[in-house]
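[1] got a structure for you, letters missing:
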């Protein structure tokens, strides 16, 4: 009898071992888990970019000369004079930058929702997404260019160089891939995912809007004050559109189109038109 009782107690203890894990995932501790998850996702992606951008901006401010006399290059060569190695580095950078998006998809699936489809990033409404994305891009693009030119001429912005790639066959395909990568990473993480998590953490709609748009502006601070303000305003517009439509797809399209035009347009027009600033 005594032996059986001791065995039963030991078996009970073994079964009880996983209990701390279950307790850690209990709804009472859910906010802490989500808060940690959100911070880690940002630390691996755009949160880290924001810190790097701030350091870069401080460096620009403390460098002799005005901001407009300095340049911020967005797409540069990683191996000058070695096009195939350069291409490998370009594709590697684009691919690894998308890993946090895959992490977000994984985390959403573990939450019990259909991954990125829960954010409205899927192929269920391609025409709808493309049409609205094109309209948003058209409205923001012209205003954004005008704001950049004014900010730079006032000395509040660096000269932005959208591309400085060598004239090789893969130049424009890489620029397009880079634009799409930027759009997917930023809109999935700083817009759709962040708003979802902040809402689950109990943030008010206004506080979540300010956090999302403020983060967007902060990781563009390397471009100067103009880059910070312009992208923060863009963030406000994107948050309002996302909440209205319930889909991030159109905003990914809009962002991709904006960057494709910026990158490709600069490659075609730099040094050929007087209104476009160059270093």
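    Ah, there it is. Not measured: the values here are computed from a predicted model.

[2] tell me the mean pLDDT over the helix or strand residue 175 falls within?
    Taking DSSP states H and E as the definition, one finds residue 175 inside helix 171-186. The average pLDDT for helix 171-186 rounds to 98.

[3] repeat for stretch 64-79
    For stretch 64-79, the per-residue pLDDT averages 95.

[4] what is the subsequent helix or strand relative to the helix holding residue 175?
    helix 194-200.

[5] any chance you could list what contacts that following helix?
    For helix 194-200, contacts defined as Cβ atoms under 8 Å, 6 or more residues apart in numbering pick out 31, 34, 37-38, 42, 118-119, 205, 207-208, 211-212, 215, 239, 242-243. Backbone N, C-alpha and C define where each C-beta goes, glycine included.

[6] ok, these vs residue 156, which is closest?
    Of all the contacts of helix 194-200, residue 215 has the smallest distance to residue 156: 20.2 Å, by Cβ to Cβ.

[7] what is the burial count for the spatially closest residue to the closest one that is not a sequence neighbour?
    Closest residue to residue 215 apart from its sequence neighbours, by Cβ to Cβ, 6 or more residues apart in numbering: residue 190 at 5.4 Å. Using other Cβ atoms under 10 Å as the criterion, residue 190 is surrounded by 27 other residues.

[8] do the same with residue 195
    21.

[9] angles on the backbone of residue 76, please.
    phi -120, psi 170 (degrees, to the nearest 10).

[10] in the protein, where's the longest helix?
    Criterion DSSP state H: the longest helix present in the chain is helix 126-153.

[11] what packs against that one?
    Counting contacts by 3 or more Cβ pairs under 8 Å, 6 or more residues apart in numbering; DSSP states H and E, helix 126-153 packs against strand 159-161, helix 225-245, helix 249-269.

[12] out of the ones you listed, flag the one nearest residue 171.
    Residue 171 lies closest to helix 249-269 among the helices and strands packed on helix 126-153, at 7.0 Å (Cβ to Cβ).

[13] quick check: angle from that closest one to helix 126-153?
    Interaxial angle, helix 249-269 versus helix 126-153 (axes from the mean of the first three to the mean of the last three Cα atoms, to 10 degrees): 50 degrees.

[14] gap between helix 249-269 and the chain center?
    15 Å (Cα atoms, centre = their mean, to the nearest Å).

[15] how about that helix, which residues are buried there?
    Across helix 249-269, burial judged by 16 or more other Cβ atoms under 10 Å covers 249-267.

[16] just stretch 88-102 next, same as before
    90, 94, 97, 100, 101.

[17] and the last one, what's its pLDDT?
    With respect to pLDDT, residue 101 scores 98.

[18] who's in contact with it?
    Residue 101 is in contact with 116, 184, 185, 188, 189, counting by Cβ under 8 Å, 6+ apart.

[19] in what element of secondary structure is it found?
    Assessed by DSSP H and E, residue 101 sits inside helix 99-111.

[20] of the contacts of helix 194-200, buried ones?
    Judged by 16+ other Cβ under 10 Å, buried ones among those: 34, 37, 38, 42, 118, 119, 208, 211, 212, 215, 239, 242.

[21] dump these to a markdown table, plus pLDDT and secondary structure.
    Shown next, in a markdown table, are those (pLDDT from 0 to 100; DSSP: H, G, I helix; E, B strand; the rest coil):
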| residue | pLDDT | secondary structure |
| --- | --- | --- |
| 34 | 94 | helix |
| 37 | 96 | helix |
| 38 | 97 | helix |
| 42 | 97 | helix |
| 118 | 95 | helix |
| 119 | 97 | helix |
| 208 | 98 | helix |
| 211 | 98 | helix |
| 212 | 98 | helix |
| 215 | 98 | helix |
| 239 | 98 | helix |
| 242 | 98 | helix |
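
[22] would you turn these into TSV with distance to residue 78?
    Below are the buried ones among the contacts of helix 194-200 laid out as TSV (distance: Cβ to Cβ, whole Å):
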residue	distance to residue 78
34	37
37	32
38	31
42	25
118	35
119	31
208	36
211	33
212	31
215	27
239	34
242	33
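
[23] follow-up on the earlier one: as TSV, the contacts of residue 101 with distance to residue 67 and neighbour count would be great.
    Converted to TSV, the contacts of residue 101 look like this (distance: Cβ to Cβ, whole Å; neighbours: other Cβ atoms under 10 Å):
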residue	distance to residue 67	neighbour count
116	37	21
184	30	19
185	26	22
188	31	24
189	28	23
